[in-house]
Each structure stands twice: as structure tokens, then as C-alpha cells.
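**Student:** please find the sequence and the predicted model below.
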Amino acid sequence: MIKKTFSYCYENIFFIILKYLKLNRFEIIKIRNVINLLFFTKSKEIFISHLDVVNEGYIKWIKPPFSCICFKKKIFCRGITDMKGGFCSFFFLSKNNNFILTNDEENLSIYGIQYSINILKKRNYVFNLFFGAEPTSKEIIGDYIKISRRGSYNFKLIFIGKQKHCAYIGKNIINFSLQKIHNFKNYVFDKKEIFELNNVFSISKLDNLTPIIFFVKINYRFFFYKNIIFFKKNLFNFLKFKNSYFNWIFSGIPFFCYKNFYLKKIFNSIYYIQNIFSKINFFGGTSDLRYCYYFYNKSNYFELGLLNKTIHKINEFNFFDDLYILSIIYNIFTNGIK
């Protein structure tokens, strides 16, 4: 039975992993509630992963979300797609490789991989490749891999209006602000960018009153720094009016790893097993590899993982056969064809 491990999961999980892998040389870095497990060999390639998960949601699952049940050739479990399934695939056939595991990725992500990589940089460790198992595949394992990450901005919009009774005609700050946001979203900008509302709420708890204050949270993904300048400018032009306020947090820089000397090797590994030609996908995320780029921006990066159709969704699952296929691809990539 898997414990309900959101961020900052229990230490027992790391000890179970150590017992299974039978590691002799490892290091555990614990700071506050965050645990980081590091294992190193002479290899210059290192695998990055996390063990924490998001919550299971408020709708009942087909199978218990924290029991890891195989049903009709599918493994139902919260986090099997992101990215515990990929982690298991990597270590099933490849136990003697560099890796870093953390339990702080889905939350603040301050003392997890970011903290560990900073320590390794201070110790003058050199790595030529950072790779992970973020779910990159779309239809079949290996059809897409990722070598980049879009930048991310989080905006918080505050709209202040007048409280009124719902039975009488008047200006409703919710209708007014959402209409403004709808007009802005229909504004033409780069289709490769993503503009998503991730939270809408007010402080009013009564059924017959419109609120005084209305909050909207927006996440914006972009490729180039110049895009965020145009985005902010257009956002202010559309939404700036009396009694409206803005706050934003820069949560991730964009990066591209075009000169990737390991691409041919991973492409050949995928073709050897799947008989398909992989494509590079610039969408989605790259998990904790973004922190590796901060400190090792001259190294190589790529993500290869399971199907991403059910990531963070209710009844998250992946096929058992896909985990095995991914493990074989990783084994050929790290150890070669034997």
C-alpha cells in the first residue's frame, strides 16, 4: 500500500528504495521537510526525478489512487505518469547510474533538485547530461522527446468593485472583469504560447450579494523574453482600469538545448526498440531539469517518459507494457546494445 505522499513525503520511501537498489555509496541531504537522495558513479550522466505527487482530487477513482493496482493491463496510481512510472522504468534494468531523487517538486521546489544541484556545483562536480522521465510521449512510447522548456509567469489580478444585492440591476465586478479577460484572451498573440486561468475566487460567502473584491490567477508560458514584455503591455491595456491591481511572479526561465550530443544516441535507442523516428516537442514542461540548466547551462538535457494523456487527472494510469518498453530503451541508452 503506497502512502499518501504529497510533497515532503515520508523518509521510509527513500529507505525502501535504498534497500531495493542495494546501494553502498549514497548521500541523503535533508533540509527542513525536504529529503534529497543522491547516488554517484564515475559516469558523467545523471538522472533527475521526484517522488512527491499532487492530491488525488475530489472525485472517486475507479481504483484506490494510492494502491498502485494493475487492472486490465493498466496501472492505476496517482503519480504513475508524472513521473514515478518513468523512475521505476529507469531503475528496473539500470541500477548503477547517477541519480538524484527529491520529494519537493510539486510544491515550492526550493530545497529539492534546485538545492542539490547548487551543492554539486559548489563541489565542482561535472556532468555532461541531465535527463529525466517527464511524460513526453503522446501516442506511443518514444514518439516525442523534449530538450527545452518554456518560461513561466504567474499573474494575480485583483479587481475591486461595489457590493450590491443580486436582485437589483447594477455593475457586477465578476461579470465585468471576466468579460475583460475574455476579450484579452481572444487577442491575437503567438499560438505557441499558453495563457490559462488557474484560479478564480472572491471573499464573499453570501448567496445574494456580489463581492467587493474579485481575484483571478493566470499562468502564462512563453518562449522568448521579449514575449513577456508584449504580454504585460497588452495585459495592462486590456485590463487596467480604476480599482484594479496586478502582481506577478517569475517562476521559470526558458531554455533550448539545440546542441545536444546525446540526441542521436537516444533516437537510435528508441528506433531500435520501437522502429519509429522520434520528434522533438517543445511543449509541456521539463520537470526539475530547469534547475539543472541554471547551474550547468553548457550541459545537455532531454526528457523521455510515458504517455502524458492522464497526467494529474482523475484515474491517472499508464500501461504496464509501456513501463517495460521504456525501461528497455533506457537500458540500451545507458548500457548500449548487447
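**Tutor:** Sure thing, it's come through.
**Student:** find me the pLDDT at Lys3, would you?
**Tutor:** Note for Lys3: predicted pLDDT of 43.
**Student:** one more: Lys19?
**Tutor:** So Lys19 comes in at 80 (pLDDT).
**Student:** is it fair to say it lies in a helix?
**Tutor:** Yes. Counting by DSSP: H, G, I helix; E, B strand; the rest coil, Lys19 falls inside a helix.
**Student:** contact partners for it?
**Tutor:** Listed by Cβ atoms under 8 Å, 6 or more residues apart in numbering, the contact set of Lys19 is empty. For the C-beta atoms, the positions are set from N, CA and C on the backbone; glycine is no exception.
**Student:** just the one 10 residues further on next, same as before
**Tutor:** Counting by Cβ under 8 Å, 6+ apart, Ile29 touches 35-36, 38, 115-116, 119.
**Student:** host element of Lys313?
**Tutor:** Per DSSP states H and E, Lys313 falls between elements, in no helix or strand.
**Student:** and it, what does it touch?
**Tutor:** Counted by Cβ under 8 Å, 6+ apart, Lys313 has zero contacts.
**Student:** ramachandran angles for it?
**Tutor:** phi -100, psi 170 (degrees, to the nearest 10).
**Student:** what do you get for Asn247?
**Tutor:** phi -150, psi 140.
**Student:** where does the prediction get shaky in the stretch 151-300 of the chain?
**Tutor:** 188-192, 284-286 (pLDDT under 70).
**Student:** residue boundaries of the strands in it?
**Tutor:** 151-160, 194-202, 213-222, 244-252, 255-256, 279-280, 300-303 (DSSP state E, counting those that start in this stretch).
**Student:** export those strands to TSV and append columns for distance to Pro64.
**Tutor:** Listed next are the strands of the stretch 151-300 of the chain as TSV, based on distance: least, Cβ to Cβ, whole Å:
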stretch	distance to Pro64
strand 151-160	33
strand 194-202	27
strand 213-222	30
strand 244-252	32
strand 255-256	38
strand 279-280	36
strand 300-303	29
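**Student:** which one of those is the most hemmed in?
**Tutor:** strand 300-303 (a mean of 24; mean count of other Cβ atoms under 10 Å).
**Student:** out of the contacts of Ile29, which are buried?
**Tutor:** Neighbour-count burial (16 or more other Cβ atoms under 10 Å) applied to the contacts of Ile29 gives 35-36, 38, 115-116.
**Student:** not counting sequence-adjacent ones, nearest residue to Gly151?
**Tutor:** Pro254 (3.8 Å; Cβ to Cβ, 6 or more residues apart in numbering).
**Student:** could I get the full set of helices for the stretch 201-338 of the chain?
**Tutor:** Here the stretch 201-338 of the chain has its helices, by DSSP state H, counting those that start in this stretch, at 225-239, 263-274, 289-295, 320-335.
**Student:** which one of these is the most hemmed in?
**Tutor:** The most buried one of the helices of the stretch 201-338 of the chain (mean count of other Cβ under 10 Å) is helix 289-295, showing a mean of 22.
**Student:** show me what that one packs onto, helices and strands only.
**Tutor:** helix 113-122, strand 129-132, strand 148-149, strand 300-303 (3 or more Cβ pairs under 8 Å, 6 or more residues apart in numbering; DSSP states H and E).
**Student:** which one of the buried ones among the contacts of Ile29 sits closest to Phe241?
**Tutor:** Tyr115 (41.8 Å; Cβ to Cβ).
**Student:** so who does that closest one touch?
**Tutor:** 29, 31, 34, 36.
**Student:** how many residues are close by Leu37?
**Tutor:** A count of nearby residues for Leu37, using other Cβ atoms under 10 Å, gives 24.
**Student:** who does it bridge with?
**Tutor:** As for beta bridges, Leu37 partners with Ile28, Leu101 under DSSP bridges.
**Student:** got a pLDDT number for it?
**Tutor:** 90.
**Student:** wait, doesn't it sit right on Phe15?
**Tutor:** No. At 9.6 Å, Leu37 and Phe15 do not qualify as touching, with contact defined as Cβ atoms under 8 Å.
**Student:** hang on, Ser15 in a helix?
**Tutor:** Small correction: residue 15 is Phe, not Ser. Yes. Per three-state DSSP, Phe15 lies within a helix segment.
**Student:** next, count neighbours for it.
**Tutor:** Phe15 has 12 nearby residues by other Cβ under 10 Å.
**Student:** do Gly85 as well
**Tutor:** Neighbours of Gly85 (other Cβ under 10 Å): 28.
**Student:** same deal with Lys74?
**Tutor:** By other Cβ under 10 Å, neighbour count at Lys74 equals 19.
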